[in-house]
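Trainee: Following is a predicted model, sequence given first.
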Amino acid sequence: MGTIKVTDHQGREHTLAAAEGWRLMEIIRDHGLEIEAVCGGACACATCHVIVDSRWAEKLHPARADERDMLDDLDSATENSRLSCQVIWNRALDGLGLRLADSR
Ligand code: FES
């Protein structure tokens, strides 16, 4: 177990318990934060868009082509954008910070 730090759409920071093997989207959703994740993690909706703190972004595995394609379609995407359903938490990501982002 470990934690992630999530800033919500209102700017509030939440420290959430994270377990190995869980997708970031699942951790955020299961703690009741506002994330739609309409497609349930199939990399088909981008409503799980998050922006990862820059010091953590480079520690994540690179986005696959299908994730990159979805992010490319978002006006709100930044260089540290990820689809949170495509990142699986592990101990190396203990303390990871991100903020919930627009899905447009
Ligand atoms: S939940 Fe749909 S792309 Fe992540």
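Mentor: Everything's here; your move.

Trainee: Helix, strand, or coil at Glu36?
Mentor: With DSSP: H, G, I helix; E, B strand; the rest coil as the basis, Glu36 sits in coil.

Trainee: should've said Asp75
Mentor: Under three-state DSSP, Asp75 comes out as coil.

Trainee: shouldn't it be in contact with Ala101?
Mentor: No - Asp75 lies out of contact with Ala101 (CB atoms under 8 Å); the separation is 10.8 Å. No exception for glycine: its C-beta is placed from N, CA and C like everyone else's.

Trainee: Could you check which of these two has the larger neighbour count?
Mentor: For the pair Asp75 and Ala101, the greater number of neighbours falls to Ala101 (23 against 6), based on other CB atoms under 10 Å.

Trainee: contacting residues around the more buried one?
Mentor: Residues in contact with Ala101 (CB atoms under 8 Å, 6 or more residues apart in numbering) are 49-51, 76-77, 81.

Trainee: What sits closest to it if chain neighbours are left out?
Mentor: The spatially closest residue to Ala101, leaving aside those adjacent along the chain, is His49, at 4.5 Å (CB to CB, 6 or more residues apart in numbering).

Trainee: what's the burial count for Ser103?
Mentor: 17.

Trainee: So for Asn90, what's the nearest residue that isn't a sequence neighbour?
Mentor: Glu20 (5.6 Å).

Trainee: Any figure for the gap between the one you found and the ligand?
Mentor: 20 Å (CB to the nearest ligand atom, to the nearest Å).

Trainee: try Asp53
Mentor: From Asp53 to the ligand the distance is 19 Å (CB to the nearest ligand atom).

Trainee: Which residues of the protein lie near the ligand?
Mentor: 25, 37-39, 41-48, 83, 85 (CB under 6 Å from any ligand atom).

Trainee: Give me the buried subset of these.
Mentor: Buried by 16 or more other CB atoms under 10 Å: 25, 37, 41, 43, 45-48, 83, 85, out of these.

Trainee: Lys59: which of the residues you listed is nearest?
Mentor: Leu83 (16.6 Å; CB to CB).

Trainee: quick one: terminal-to-terminal distance for stretch 90-103?
Mentor: 25 Å (CA to CA, to the nearest Å).
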